[in-house]
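*Asks:* no FASTA, just this:
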Ligand SMILES: Cc1cc2nc3c(=O)[nH]c(=O)nc-3n(C[C@H](O)[C@H](O)[C@H](O)COP(=O)(O)OP(=O)(O)OC[C@H]3O[C@@H](n4cnc5c(N)ncnc54)[C@H](O)[C@@H]3O)c2cc1C
Ligand code: SF4
Ligand code: SF4
Ligand code: SF4
């Protein structure tokens with residue numbers, strides 16, 4: 001944001017102190033109405049439950065140029081209006097900014113007051129005398145609100161005409177003469193420059209004022225209404241839908257709010273509880289968190305993925321604590337993709353010895369061999385892997401293990417995690433499938449990613465509709481293809497590829513042929529065309545998508561190369577004789593082994609976030625299987641129990657929710673969306689399609705700033721916005737050091753606080 005924007009969007013905060021009967025709350029509202037008439041955004045409200053005549057009251061007004069989202073009471077006012085000089089004590093002056101204005105209804109001259117309050121600008125007017133002369137109020141209780149508003153207009157250089165219009169609109173025109181007199185009579189002084197002079201003597205002790213309702217720690221007055229209720233309100237943390245949807249188990253609401261409130265370092269610490277690869281997910285995750293975001297319907301989901309990348313790219317490394325384990329065990333992890341990395345990370349943090357066995361020369365799995373660098377540059381990937389290795393994880397790269405190796409490794413270690421991914425690429429059993437130029441897309445991507453200068457030419461046809469197909473198509477363009485067509489048997493809306501990938505590919509010039517299925521290849525030694533059958537869509541199949549029905553209608557698509565991206569399946573030939581894989585665990589016959597599968601091999605889900613979440617869960621299953629002494633360290637477990645209670649961590653929820661209760665997820669209906677100003681999401685900055693289609697530089701430059709975090713509602717998580725406190729009609733909610741307390745003796749259980757909470761941070765319970 002430019003300085004100008006910051007200045008323009010600054011909100012002026014005014015606090016007003018008066019006594020019940022003087023019209024202070026109305027005065028605050030008049031001032032708000034006046035500013036509103038001048039085109040500003042305003043907010044105004046008063047403290048209630050101190051309405052008794054003569055009791056100290058406070059009222060608040062905010063004035064800004066944009067939407068005013070802060071609903072707290074005003075704790076640090078820019079300006080103060082004091083309707084009764086006997087209130088001029090530390091309580092009234094608390095938080096007043098240096099250089100702010102103190103407008104007081106007093107017969108004292110402004111200069112005298114200025115000597116007492118040298119750091120602020122003082123404006124004084126005897127509004128009581130003026131109001132009394134004009135007969136406003138009674139002889140004993142003078143109502144000064146409409147009078148002092150005239151002085152306010154003068155002190156802040158506002159046009160008196162605006163006040164006139166405001167009074168006309170409110171039916172207060174007969175009070176205008178008094179307001180005009182106060183406008184003329186107000187006198188100003190200060191602030192005094194105290195830097196060169198010796199400190200001024202302490203001001204005379206202010207009269208002792210005992211507020212009837214103190215906003216932070218006072219006691220509630222009046223009738224004890226606590227016995228009236230059938231339900232009580234309480235503060236309760238609820239699970240945000242984004243957190244519930246994250247397959248990696250990230251506390252999404254937690255890291256977005258940490259970023260919004262405390263910055264990148266704090267947000268990175270939240271992410272580091274669940275994921276070793278935030279910069280990867282922040283780039284390539286399909287982001288189911290965003291699909292579940294409560295803000296989606298209002299003006300677009302919070303760009304969580306972009307924020308995750310922002311945090312990973314901008315935060316310093318988080319210092320990870322390695323638990324001291326009483327009896328460290330030896331773990332083998334076979335496969336160094338995201339699942340294996342997440343498992344190794346969780347085990348190493350729990351204080352155990354871990355060795356990763358990886359077939360390739362470097363760790364990363366599909367993140368290195370499959371996903372192209374224009375989507376996932378290797379520098380952030382390497383950085384996160386290096387941080388993981390710094391935990392003491394050993395690595396043996398460069399040898400593909402055979403089943404005999406797996407048996408030996410399992411014998412040599414206390415427990416084994418198999419995270420070998422989906423190694424078998426599906427092929428097509430049709431005529432011409434063995435022609436030159438027909439190649440597995442994964443083999444092509446491997447060449448592009450691991451060998452420099454891999455080329456492909458002419459018209460390239462890619463068969464498939466997932467991320468692999470899109471990566472093949474876009475990599476082919478960047479590797480010399482003159483034309484690329486993706487052929488998919490269903491419609492565009494049913495493509496499993498990440499939506500943004502499809503859009504970006506299209507902008508780069510990739511063409512699509514939907515509802516077409518390959519039925520053969522033509523060529524004389526080398527492929528020259530793909531035979532395609534038109535596909536009709538039948539009734540929905542098990543996946544909920546309409547089943548493709550291949551018709552007899554055929555056509556030929558001329559081409560120079562074909563890349564197959566038809567999906568992958570697991571390769572269980574690695575399992576030693578007698579072993580089988582059942583629900584994520586390995587068995588020798590019917591005997592459970594201390595061996596677990598993780599990631600795509602175990603779930604087949606096919607996303608990095610699922611692999612990370614499942615890798616971590618597999619590690620926890622392995623720790624639990626080894627019994628006492630090997631389970632997760634206490635601190636970690638305490639975190640997780642807490643997380644389970646809050647329903648925040650997917651693995652904790654699934655495995656050992658100590659309450660056995662499904663966590664509540666905050667539904668969009670529970671959000672008071674009208675409390676939040678509309679603001680469309682910040683998009684990621686993309687390199688122009690015409691430039692990026694011919695080079696492997698990173699396509700997305702990420703979000704322009706972390707501002708997007710401010711759009712998050714903080715679903716289910718109290719932000720101390722004071723809305724409940726302000727709306728409580730009985731004034732029984734009080735701020736504490738860490739949150740709020742409700743004086744239940746006086747709470748009649750109306751539930752207004754719960755209804756008014758913008759983000760479902762409270763609930764009523766019997
Ligand atoms: C081209 C492509 C693009 C993708 N794009 C996305 C995307 O944008 N977003 C997304 O979320 N997901 C994407 N995915 C899916 C995602 O990459 C996988 O779901 C994820 O990598 C699975 O992780 P994993 O650790 O289970 O397996 P893998 O990443 O496959 O890792 C398995 C590792 O095990 C090693 N290994 C296998 N056998 C042996 C053996 N015998 N001995 C030693 N090591 C062995 C392999 O070399 C490999 O390193 C994509 C997948 C592909 C293929
Ligand atoms: S890993 Fe994916 S689903 Fe989870 S927070 Fe990140 S972008 Fe969202
Ligand atoms: S608004 Fe924030 S907390 Fe709520 S679902 Fe969206 S990202 Fe999550
Ligand atoms: S409970 Fe809700 S209304 Fe009350 S302070 Fe927290 S977020 Fe605001």
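*Replies:* Arrived safely. The structure presented is a predicted model; accordingly, all values stated were derived computationally and were not measured. Ligands and ions are numbered 1, 2, ... in the order given.

*Asks:* residues from the chain in reach of ligand 3?
*Replies:* 240-242, 252-253, 256, 293-295, 302, 304, 712-715 (C-beta under 6 Å from any ligand atom). (Each C-beta comes from the backbone N, C-alpha and C, glycine too.)

*Asks:* among those residues, which are in helices?
*Replies:* 241-242, 252-253, 256, 304 (DSSP state H).

*Asks:* Just the buried residues of those residues.
*Replies:* 241-242, 252-253, 256, 304 (16 or more other C-beta atoms under 10 Å).

*Asks:* and ligand 1, which of those contact it?
*Replies:* Checking those against ligand 1 (C-beta under 6 Å from any ligand atom), there are no matches.

*Asks:* close to ligand 1, is stretch 337-357?
*Replies:* Yes: between stretch 337-357 and ligand 1, judged by C-beta under 6 Å from any ligand atom, the touching residues are 337-340, 357.

*Asks:* What's the mean pLDDT across that stretch?
*Replies:* Along stretch 337-357, the predicted local confidence has a mean pLDDT of 97.

*Asks:* is ligand 2 contacted by that stretch?
*Replies:* No: legend: contact between stretch 337-357 and ligand 2 by C-beta under 6 Å from any ligand atom is lacking; minimum distance shown is 10.5 Å.

*Asks:* Show the end-to-end separation of that stretch, please.
*Replies:* Between the opening and closing residues of stretch 337-357 we find a distance of 11 Å, counting by C-alpha to C-alpha, to the nearest Å.

*Asks:* Show me the two of the ones in helices among the residues of the chain next to ligand 3 that sit farthest apart.
*Replies:* For those, the maximum inter-member distance is 12.6 Å, found between 241 and 256 (C-beta to C-beta).

*Asks:* where's residue 601, which helix or strand?
*Replies:* Secondary structure assignment for residue 601, by DSSP states H and E: helix 600-603.

*Asks:* what does that helix rub up against?
*Replies:* The contact list for helix 600-603 (C-beta atoms under 8 Å, 6 or more residues apart in numbering) reads 335, 337, 339, 418-422, 568, 570, 581, 584, 596, 606, 610-611, 614, 618.

*Asks:* Now, those residues that are in helices?
*Replies:* Among those, the members falling in helices (DSSP H) are 339, 610-611, 614, 618.

*Asks:* Turn the residues you listed into a markdown table, columns for neighbour count.
*Replies:* Rendered in a markdown table, the data for the ones in helices among the contacts of helix 600-603 read as follows (neighbours: other C-beta atoms under 10 Å):
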| residue | neighbour count |
| --- | --- |
| 339 | 34 |
| 610 | 23 |
| 611 | 33 |
| 614 | 31 |
| 618 | 31 |
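
*Asks:* Name the nearest of those residues relative to ligand 4.
*Replies:* Taking C-beta to the nearest ligand atom as the measure, residue 610 is the one of the ones in helices among the contacts of helix 600-603 closest to ligand 4, at 32.0 Å.

*Asks:* now that closest one, nearest residue through space, not along the chain?
*Replies:* Nearest residue to residue 610 in three dimensions, chain neighbours excluded: residue 247, at 4.2 Å (C-beta to C-beta, 6 or more residues apart in numbering).
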